[in-house]
Each structure stands twice: as structure tokens, then as C-alpha cells.
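> structure for this input, please:
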Amino acid sequence: MTTAEVIDLLKQKSNPANLAGMKRFGINDDFALGIRIPDLRKIARTIKIDHTLALALWKTKIHEARILASMIADPLQFTEAQADEWVLGLNSWDVCDQLCGNLLVRSPFVIRKAFEYASRDEEFVKRAGFVLMAEYAVHGKKAANEVFLAFFPVIEREAVDDRNFVKKAVNWALRQIGKRNPDLRIHAIDSARHISLQISRSAKWIAANALLELSGK
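Alright, predicted model coming up:
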């Protein structure tokens, strides 16, 4: 399919009624068409992997076209420069999460980018770093515990960021790593307890929420 054909298809599936729901969930609906994720996945299964098309779709700035791009891009062809360009252009948490979960987590530089993005100041770039940690805890089946242990100091350091989309991603990363296996659960609970000692509303929320899920306390 050509870029124009995909855009035409997306416009045909546009549903303005869904835009109200997007706003309720804090999704930036600029350039959005109101297409559900399951419908985008159906289109992606039809297209399969098409890296050139993915790059072109991202450039359109259409909300759903960018999500679709994350589904059909080739993680082995995707370069760090392209990753940086896409992540730095994020303006909505859902595109951030789809990009990380569909594409970046399967790239060969996922660990490096998790550290790098988590140390940036831009809200959705920083969120991407912690979403990558959370997603890699699920999808990095062969990764050693040491990979995730190295994430804990970053999680503790950034737990003071009170921006909603950052603190929720930090919390997600902490909980997801803790659920990976019993050893990491112990370390995650310990990390949550360290976070709870910080003088920060976001840190205390992150800690309390993680401890409730990981230890039931």
C-alpha cells in the first residue's frame, strides 16, 4: 500500500465520536481521527512489515498514522537516530506507549535508550524511558536480572518528578520489574521503600502503589 492509500483508509475509518473518549483519557487529539487500536492492528496485519511506509506515515503527523507506523516498522532497520527523532516528537502518552511497546522494545538498543530517555527532561521522552523499562520486563525474556537491577537507581532518582505521565510510567516500571520474578520482586519492594522516604508527593504515591501490588501492604 502507498502512503496515500493508507491515509485514505484511515480517514474512511475515522470516528469523531471516539475523540471525546480520547480527551477523557488525557490523550492529545491534535491531528487525530478517532480510530480504535484494535482497528489499527487489523490494518497493520494486512500491511505487515513495511519500514519505508512506516517512516512516511510518521511524517504525516496524523495521530493514528503514527501509531500504525510503530506497528509496521522493522525494529532491525530502525536506527537510533530515527528512534530519537520519533521520541522527541511525541506529544501524547498513548503514541509514546504504542511506540515503545510495538517497536522500541524490540530494537537492539532498547536498554541504552531506556537509560537515555529516562534521564531527559521532556515529559514524553522521559516517560518513554520508563515505559521501555516496563515493556522490557515483559518482553526481554532472556535478559538477566542485572539488567533490571541497574534500572532501580534511575527509578528512585526520578520518582520525585510529579508530572502525571512521568510518575505513572515510573510506577509502571517499578511494578513490572517486580513482577518479573521472585528475586526482582524483593529488590523492587526494597526500592519502593527507599522511594517512600523521599519528601515528594509523587514519590510517596509511586511507593505506596507499588508496595500495595507487590507486597499487599
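> Three-state assignment for residue 11, please.
Three-state call for residue 11 (DSSP: H, G, I helix; E, B strand; the rest coil): helix.
> so for residue 128, what's the nearest residue that isn't a sequence neighbour?
residue 117 (4.6 Å; CB to CB, 6 or more residues apart in numbering). For every residue, glycine as well, the C-beta is placed using N, CA and C.
> helix or strand right after the helix or strand harbouring that neighbour?
Assigned by DSSP states H and E, residue 117 belongs to helix 110-118. Per DSSP H and E, the first helix or strand lying C-terminal to helix 110-118 is helix 123-139.
> what's the following helix or strand past that next one in contact with?
Proceeding N to C from helix 123-139, the next assigned helix or strand is helix 145-149, under DSSP H and E. If you take CB atoms under 8 Å, 6 or more residues apart in numbering as the criterion, helix 145-149 is touched by 111, 133, 136-137, 140, 177, 180-181, 183-184, 187.
> next: stretch 41-61.
Stretch 41-61 is contacted from outside by 1-3, 6-7, 9-10, 31, 65-66, 68-74, 77-78, 82, 86, using CB under 8 Å, 6+ apart.
> circling back: is the residue nearest to residue 128 in contact with residue 125, as I believe?
Yes - here residue 117 reaches residue 125: they are 5.2 Å apart, a contact under CB atoms under 8 Å.
> cool, thanks, talk later.
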